[in-house]
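# Got a sequence here, can you build the structure:
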Amino acid sequence: MAFVTIELDNLIIVGLRNYTKSSLLRSRTAAGIRITATVMPTSTEEAAALIFRSLNPTGYAKKHYPTAITEKDEYTFRDPRMSQKVLIDYSASNLSNLVLALSLNAVVFDEAKVCRHFFAHRTRNTHEAVKTFANNSGIFNFDSPEHLLLRGRPTTGVRLLDGWLADVENFFDFAS
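Predicted structure coming up:
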C-alpha cells in the first residue's frame with residue numbers, strides 16, 4: 001500500500017505538470033481542438049519556466065528570470081488549482097475543461113498527500129496526520145495506515161484507494 005500511495009502521489013504531480021506544460025505548448029484536447037494561449041514556448045523547458053513564473057514569481061526572480069528550466073528543477077505542485085492559475089495567467093483555451101474537472105471536487109488531491117507523507121517518512125507526526133484525516137472522514141479504530149486505504153468510506157462504502165484511483169482517472173478525462 002505504501003508504494004501504491006507514493007506512486008499515486010507521483011502520478012498526480014507528474015500528470016498535473018505535464019498537463020499544464022502541454023496546454024502551454026498548444027497540444028490538442030481530447031476533442032482534437034488545438035489549445036491556444038498568450039505565450040508560445042517552443043520546448044517543455046520553456047513551458048516549465050513560464051509555469052514557475054506564474055506560480056512562484058519571487059522564486060522566479062531569485063533565479064534571475066530563466067527562460068528555460070530543466071525537469072529536475074521544475075516547480076512541484078499537486079493541487080490542480082495551480083494548473084488553473086497558470087491557464088488563467090496565460091489565457092489558455094482549455095481552461096473550461098480544467099474548470100469542469102475541478103467541479104468534480106476530487107478528494108484525492110487533498111487526501112493522498114497525507115498518507116503519502118506517512119509512508120515516505122513514517123514519523124509520529126505523519127501518523128497523527130493520518131489518524132486526524134481518518135477521524136475527519138468518519139473512520140475510527142483502524143489498526144494501520146495500510147489498512148485504512150482498504151477501508152470503505154462510511155458514507156459510500158467505497159474503499160479509499162479505489163475512490164482515489166477513480167478520482168484521478170475522472171479528473172484527467174474531464175480536463176482533457
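
# So which residue is smack in the middle of this structure?
residue 78 (3.2 Å; C-alpha atoms, centre = their mean).

# what helix or strand is that one on?
Using DSSP states H and E, residue 78 maps to neither a helix nor a strand.

# next one: phi and psi at it?
Residue 78 adopts backbone torsions of phi -130, psi 10, taken as degrees, to the nearest 10.

# who are the neighbours of the helix or strand of the chain with the lowest mean pLDDT, in terms of helices and strands?
Every helix and strand of the chain was ranked by mean pLDDT, DSSP states H and E. The lowest is helix 145-148, at a mean of 89. Where contact means 3 or more C-beta pairs under 8 Å, 6 or more residues apart in numbering; DSSP states H and E, helix 145-148 is packed against helix 108-121, helix 124-136. C-beta coordinates here come from the backbone N, C-alpha and C atoms, glycine included.

# quick one: the longest one to helix 124-136, angle?
Same thing as helix 108-121. Going by axes from the mean of the first three to the mean of the last three C-alpha atoms, to 10 degrees, helix 108-121 is angled at 150 degrees with respect to helix 124-136.

# got the buried residues for helix 108-121?
For helix 108-121, a neighbour-count test (16 or more other C-beta atoms under 10 Å) marks 108-109, 111-119 as buried.

# For the closest residue to residue 119 other than its chain neighbours, give me phi and psi.
Leaving aside its sequence neighbours, residue 119 sits nearest to residue 2 (C-beta to C-beta, 6 or more residues apart in numbering; 3.9 Å). Backbone dihedrals for residue 2, given as degrees, to the nearest 10, come out at phi -60, psi -50.

# any idea how far residue 2 lies from residue 45?
Separation of residue 2 from residue 45 (C-beta to C-beta, to the nearest Å) stands at 33 Å.

# again, but for residue 156
To residue 45, residue 156 is 42 Å away according to C-beta to C-beta.
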